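**Student:** Quick one: sequence plus predicted model below, questions after.
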Amino acid sequence: MNTVRLTMAQALLRFLDNQFISMDGKKTKFVKGVMGIFGHGNVTGIGEALERSPGSLTYIQGKNEQGMVHAATAFAKQSNRKQIYACTSSIGPGALNMVTAAATATVNRIPVLLLPGDNFASRQPDPVLQQLESVTDYTVSATDPFKQVSRYWDRIVRPEQLMTAAQQAMRVLTDPAETGAVTLALPQDVQAEAYDYPLAFFEERVHYIDRRPPAEDSLRRAAELMVSKRKPLIIAGGGVLYSEASEQLAAFAEAFGIPVAETQAGKSSLPWNHPLQVGAIGVTGSLAANLLAKEADLIIGVGTRYSDFTTSSKSAFANPDVQFLNVNISGFDSYKLSGVAVTSDAREGLKALHELLVKAGYRSGYEQEVSRLKEQWDAEVDRLYATEHPDGIAQTRAIGVINESIDPSAVVLCAAGSLPGDLHRLWRPVQPKTYHMEYGFSCMGYEIAGSFGAKLAEPDREVYTFVGDGSYLMMHSELVTSLQEQRKITILLFNNHGFQCIHNLQRGHGSDGFGNEFRYRSEDSGLLTGGYMPIDFAANARSLGAAAYKVRSAEELKQALEAAKRETVTTLIEIPVVPGTNTDGYESWWNVGVPEVSVSDKVRKAHEEMDKRIKSTTLI
């Protein structure tokens, strides 16, 4: 057997450089490169390998370990999970900084490969700098927390173990039903140890992503259920986009007259002006979609995991005869809500069910209500886009200006705060994959890092990220990386002086407002109730090398957007918006815990109202 002597780190990179996927007959290089921040736990291992023998892998220098994993996650998401970046860190705090982002990837079913440094396997120099010592279990290190947030986890304590672990890592990363974060913990001494690896380990490997067809029996059960229902509603989730099933979804809806609502991950599956597109569903849903959901006798979930925001905490479906039909590549998701499960690729499942229903002569029982509700909702969005406020720019007005000013092919990205709700309800996409929302984890800090990752995936498109001032302060480190890599993004910073989304939630359940605005501490009360802090975000962005604008009106926002298009570097537009001018309501509800006992009458009343709503909700 022919072999080559390499360090474990060198062998890992050589292996990753020869991984490919094939879907629908198209072969794609799977691992684009490695994002990393070096420390003593990886600089002389993977760091040396990346410097001396990277092959065709690109190295990108991260500025924050969590941020670089967010960027890698967004890259994979925007690439429809067909290509990834690996991420490497030192041990201890460097590794632990990646845990939040690992959970973000796993919750959203996005592949990302994490390569954190780890303690010396030999234990000879223990305890090393940044080593976590457990007195009850000395095998525990700072990489153990990754077990809970990874779809696959392994620790390579001998160089030859890499061969098994790397292949298992690829199995999970390339499986659309199993994918998420994969962690290979790499002890810093083992990274530098050599082994005679068989050359066969480095041969080109093609991982075939075969579209899983639905089982005939599951199709039969699904068709039998559908023909017995008159008011079905499709909920399009992220699986529609990952499966590239937008055309099949449109054909299915049109053939049988079924309205389509979208989750955050599924938004842009159909253009907003499609006659059967009724908008967002659930807590952040449109009035059209939520009213149809209340009356629907069948919910057809396609590629959705049914989060509480999608189901309005399971209160969205009020018809006593409602049943669920779930088309999903993941059996875990297809069996949710006691649904009839069609465990298959979304495109193949819709195509096969389409054929059966045509044979059965099926047609929904809707007449004019779908078009009427859609027309009313479109008028409501127009109204919100045009809303003026005497104290400044309303958030809905700013979103309308942006939607009407940027190119329809541009990608918009967001993750947390009140913006995801408004964007879900109000944004009008016309092309698939132009709406990129991380709302599985709704992780503050994803926005700017994620937009950099999306730009890496689609360098020819403009990428705009919507970010609140709170999320910007939490993490804007990868703004510098976007400048370093000359990947221009446009940051739309909505400044509403704090965590206003949670401030609204708080006040809506009996609070007077506490700890959620960026105010000075009052000398009189001792609380954070003084004046707003005058933070100059545009100046901050300029200090990092970005172009920046600060606007005071809708007209100035239009002008800034036009100017930003001409900029060649990452650009920030600071938009002061009036707090509380976001959307709310529209037949939605969210179950949050409200104290049963409190000194406040308002809180006790809020608990009573919440308790009544919970008791009136049908558990599914």
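**Tutor:** Sure thing, it's come through. Residues are numbered from 1 along each chain as shown.

**Student:** all strands of the stretch 201-350 of the chain, in order?
**Tutor:** 205-208, 232-236, 260-262, 277-280, 298-302, 323-328, 340-343 (DSSP state E, counting those that start in this stretch).

**Student:** what number of residues lie near Ala293?
**Tutor:** The tally of other residues near Ala293 (other Cβ atoms under 10 Å) stands at 28. Quick note: C-beta positions are derived from backbone N, CA and C, even for glycine.

**Student:** residues touching the nearest residue to it once chain neighbours are set aside, list them.
**Tutor:** Excluding the flanking residues, the one nearest Ala293 by Cβ to Cβ, 6 or more residues apart in numbering is Ala316, at 4.5 Å. Neighbouring residues of Ala316 by Cβ atoms under 8 Å, 6 or more residues apart in numbering: 281-282, 285, 290, 293-294, 310, 588.

**Student:** What are the phi and psi values at Ala316?
**Tutor:** Here is the backbone geometry of Ala316 (degrees, to the nearest 10): phi -70, psi -20.

**Student:** so how far is Thr73 from it?
**Tutor:** 28 Å (Cβ to Cβ, to the nearest Å).

**Student:** In this structure Asn403 contacts Tyr385, no?
**Tutor:** Yes: the pair Asn403 / Tyr385 is scored as a contact, 7.4 Å apart, by Cβ atoms under 8 Å.

**Student:** Distance to Gln559, mean pLDDT and mean neighbour count added to the strands of the stretch 201-350 of the chain, as CSV?
**Tutor:** What follows is the strands of the stretch 201-350 of the chain, written out as CSV (distance: least, Cβ to Cβ, whole Å; pLDDT from 0 to 100; neighbours: other Cβ atoms under 10 Å):
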stretch, distance to Gln559, mean pLDDT, mean neighbour count
strand 205-208, 48, 98, 14
strand 232-236, 36, 98, 28
strand 260-262, 32, 98, 30
strand 277-280, 30, 98, 28
strand 298-302, 41, 98, 27
strand 323-328, 45, 98, 26
strand 340-343, 50, 98, 22
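
**Student:** To Ala398, which of those lies closest?
**Tutor:** strand 277-280 (18.4 Å; Cβ to Cβ).

**Student:** so what strands line up beside the closest one?
**Tutor:** According to DSSP bridges, strand 277-280 forms sheet pairs with strand 260-262 (parallel).

**Student:** I would like the residues contacting the partner strand, please.
**Tutor:** So strand 260-262 is contacted by 233-237, 249, 253, 268-270, 274, 276-281, 285-286, 289, 292-293 (Cβ under 8 Å, 6+ apart).

**Student:** in which helix or strand would I find Pro420?
**Tutor:** Using DSSP states H and E, Pro420 maps to helix 419-426.

**Student:** Can you list the helices and strands that that helix packs against?
**Tutor:** Other elements packing on helix 419-426 under the criterion 3 or more Cβ pairs under 8 Å, 6 or more residues apart in numbering; DSSP states H and E are strand 277-280, helix 369-385, helix 395-405, strand 411-414, strand 435-437, strand 463-468.

**Student:** neighbouring contacts of the fifth one?
**Tutor:** Spelled out, that is strand 435-437. Counting by Cβ under 8 Å, 6+ apart, 74, 77-78, 264-265, 267-268, 411-415, 420, 423-424, 427, 429, 450, 454 sit against strand 435-437.
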